[in-house]
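# Sequence and predicted structure, then a few things I'm wondering about:
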Amino acid sequence: MKDRFLVTTALENTWPSDARPVLFLGEWCRLYSKKDCWLDMDAEVVPYHWDDRGKLYQDYEYLQALFERLLIELTVELNNIHDVDHTSRHWRILIGPWLMVFLSIIYDRWECLHKAIDTYSIEKTIVYDGPDLKYVPQSMEHFSVLAKTDEWNHVIYSSILKFINFDKTLAVNSLGAKDEKISIALPTRRNILSKIKKMLFASTSFFSRANNYFFIEPYLSLPDLVKLQVKLGQIPVIYQGKNYANFTLSCNSRSWQLRGFKSSNKFEEFAREIIPAQLPLTYLEGYKKLISQVRNNYWPAKPKLIWTSNSFYMDDPFKSWAASKVDDGVPLIIGQHGGHYGQGLFSFTEYHELAISDRYLTWGWKNDDRKITPIGAFKKSVERKKKKHSPRSMLFLLSGTSRYSGGLISVPVSSQWIDYMDDQMAFYSGLPDKIANDTVVRLYPSDYGWSQSSRWKDKFPTSKICDRKTSFKDQLLSTKLVVSGWNSTTYLETMLSDIPTVIFWDYKYFELRPDAIASFEELKKFGIFHDTPLSASNHIKKIWDDVDEWWANEDVNIAKMRFVKKYANSDSVLDKLNSVFRDISKRN
């Protein structure tokens, strides 16, 4: 077996400087935009361990159990550190999103390295040996940025290699130009929306009362949010979250260890060692400042209930405040955020949302969990006005995922995106020219270093790629058919809006729970869902000359409406919310 130099990330300054044989840990190392650098290398790529999707599901269940054990240990340690006596539910609300994603990440990196070490002959690899402090996240939102970067991931790989005493290493104390600081850069649109919300809160906060219903990022449109509060007999208030401060890391704050349950393997020993080192500053050094900030945010002292469909994940100030109110007996209501919920075989996010909530509001689906209350889709459907000329184009929606895996969910993970992209290209290749020429491709807004546009244009140089300045809603108004190849929110929105829709994906990467399979198989009978790209393109060839006739077919309509009622119901959503919230507040 040939000795190879192990490359763990796309950072070229951690690659060998000569022509020696290389072992890439995964496809995330090989940026398409830099293919001239690696195309002619004597190189192999380690097969991705989670290409065995059965292993992925088993690992998900293992990590879920480990998460629960470590949460108990963190509850004890953080209570001691901060001299408080919070319940594990309190800490679950605050640190749960970080812990579940972080555990998934380090386990993936651990397994990737061990597969490389166990399968190949490794000559050398470069590890980072500089100060780890600069790669500790400030907050959950900062962590979500760091975890997608080559620099942070190289630090994690280095930490694992040091922990297992892998001795074939060369140490560096810098990772290049980006080494100094990686900060949160919010898109301009989000900054503008944040300013608008801040102005709305400033203008309505005068009407806030100590016992208000508290709604923040509920996924309702602003008009519907106002209408709901009026229905509840409350003067409308628009609450806003996320107001971060910067904290200074202290080594003294991180000299503790997790203890309690006995580690059953080396990975668990590593997890217990790295968690105190990587816990976001807002939960340690910045905790007192976080609590002070929460106390001064002018939110209700004794709300009737708290409802959000979004802030439970990234918004640390909100999570801290909500956890303290839950301690006081205030009900926490979580609303479904989008697609995949109630359908996918597994999702760490859905698991967390159900665990922290007193009531969980879905878009229509239900199961045996008594917390779950079917309400309907909170988002407004798009209303297409009749035009003099019928729309001609097809809108083809592409999706994406980070090169480095994050929280576990039954969709393509990490380098499996390449297989997903191959399926999208196979679908487009199956279209006759007259349809392809009338197709607009809308790329995923976050590229994650995959170079979507270049890959697509290299394969289809004459294809039309959507200008991102055109909003999704505006594009829908002039589209006669929407095609989506990812289990997400968009196709639910288009079906809810009664826009002709075709969806397709490979069951291998988009595993469904048993009761959802029957729903998709019914859609499959009538051409709405397909499990291969060529089946989808062949169906579109058949219906293209009169898409509306197919969509209006009685059998198609029955299947579509049955599916929408279960997964994106729009009937009397505000009235249902009004009734549920009044009932919860009375019981409380």
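Thanks, I have it. Numbering: from 1, shown residues only.

# Show me where the stretch 351-500 of the chain has its helices.
Taking DSSP state H, counting those that start in this stretch to define them, one finds helices in the stretch 351-500 of the chain at 416-429, 433-436, 452-459, 472-477, 490-496.

# Now tabulate the ones you listed in JSON lines and tack on mean neighbour count and distance to N173.
(Glycine included, C-beta is placed from N, CA and C.) Supplementary listing: the helices of the stretch 351-500 of the chain in JSON lines, determined by neighbours: other CB atoms under 10 Å; distance: least, CB to CB, whole Å:
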{"stretch": "helix 416-429", "mean neighbour count": "18", "distance to N173": "32"}
{"stretch": "helix 433-436", "mean neighbour count": "13", "distance to N173": "52"}
{"stretch": "helix 452-459", "mean neighbour count": "15", "distance to N173": "34"}
{"stretch": "helix 472-477", "mean neighbour count": "15", "distance to N173": "45"}
{"stretch": "helix 490-496", "mean neighbour count": "24", "distance to N173": "45"}
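
# Among those helices, show the one with the smallest mean pLDDT.
Mean pLDDT is lowest for helix 472-477 out of the helices of the stretch 351-500 of the chain, coming in at a mean of 81.

# Any idea which of the helices of the stretch 351-500 of the chain gets closest to L408?
Set against L408 and scored by CB to CB, those come closest in helix 416-429, at 12.5 Å.

# quick check: angle from that closest one to helix 452-459?
Between the axes of helix 416-429 and helix 452-459, defined by axes from the mean of the first three to the mean of the last three CA atoms, to 10 degrees, the angle is 40 degrees.

# Packing partners of helix 416-429?
Using 3 or more CB pairs under 8 Å, 6 or more residues apart in numbering; DSSP states H and E as the contact criterion, the elements in contact with helix 416-429 are strand 393-397, helix 452-459, helix 533-543.

# got the helices of the stretch 351-500 of the chain as JSON lines, with distance to V7 columns?
Listed next are those as JSON lines, based on distance: least, CB to CB, whole Å:
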{"stretch": "helix 416-429", "distance to V7": "18"}
{"stretch": "helix 433-436", "distance to V7": "38"}
{"stretch": "helix 452-459", "distance to V7": "21"}
{"stretch": "helix 472-477", "distance to V7": "38"}
{"stretch": "helix 490-496", "distance to V7": "35"}
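
# Just tell me which of these ends up closest to L249.
Proximity to L249, assessed across the helices of the stretch 351-500 of the chain by CB to CB, is greatest for helix 416-429 (33.3 Å).

# chain center to stretch 571-582, what's the gap?
Relative to the centre of its chain, stretch 571-582 is centred 28 Å away, using CA atoms, centre = their mean, to the nearest Å.

# List the contacts of that stretch.
The set of residues external to stretch 571-582 that reach it, using CB atoms under 8 Å, 6 or more residues apart in numbering, is 213, 224, 227-228, 231-232, 304-305, 307, 333, 359, 361, 373, 375-378, 565.

# quick one on the thing from earlier: of the helices of the stretch 351-500 of the chain, give the one that comes closest to K524.
helix 490-496 (13.9 Å).

# May I have the helix or strand just after that closest one as PDB, with CA atoms only?
Sequence-wise, the next helix or strand downstream of helix 490-496 (DSSP states H and E) is strand 501-504. The C-alpha trace of strand 501-504 is given here as PDB (Å, rounded to 0.1, in the frame of the first residue of the first chain):
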ATOM      1  CA  THR A 501     -45.500  21.200  -8.700                       C
ATOM      2  CA  VAL A 502     -43.300  18.200  -9.500                       C
ATOM      3  CA  ILE A 503     -41.000  16.800  -6.800                       C
ATOM      4  CA  PHE A 504     -38.400  14.100  -7.000                       C
END
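
# Go through the helix or strand that strand 501-504 is followed by and flag the buried ones.
Scanning forward in sequence from strand 501-504 by DSSP H and E, the next helix or strand is helix 514-525. Residues of helix 514-525 classed as buried under the neighbour-count rule (16 or more other CB atoms under 10 Å) are 516, 519-520, 522-524.

# Low-confidence ranges, this structure, go.
132, 177-210, 242-246, 251, 381-390 (pLDDT under 70).

# And it, split by domain according to the record?
Taking automatic domain parsing as the domain assignment, the record places the domains of the chain at 49-185+248-282, 188-240+300-374+577-587, 393-567.

# To W28, which of these lies closest?
Distance to W28, taken as CB to CB, is lowest for domain 393-567 among these, at 3.8 Å.

# what distance separates that closest one from the middle of the whole chain?
Domain 393-567 has its average C-alpha position 19 Å from the chain's average C-alpha position, going by CA atoms, centre = their mean.

# Over to stretch 326-342?
16 Å.
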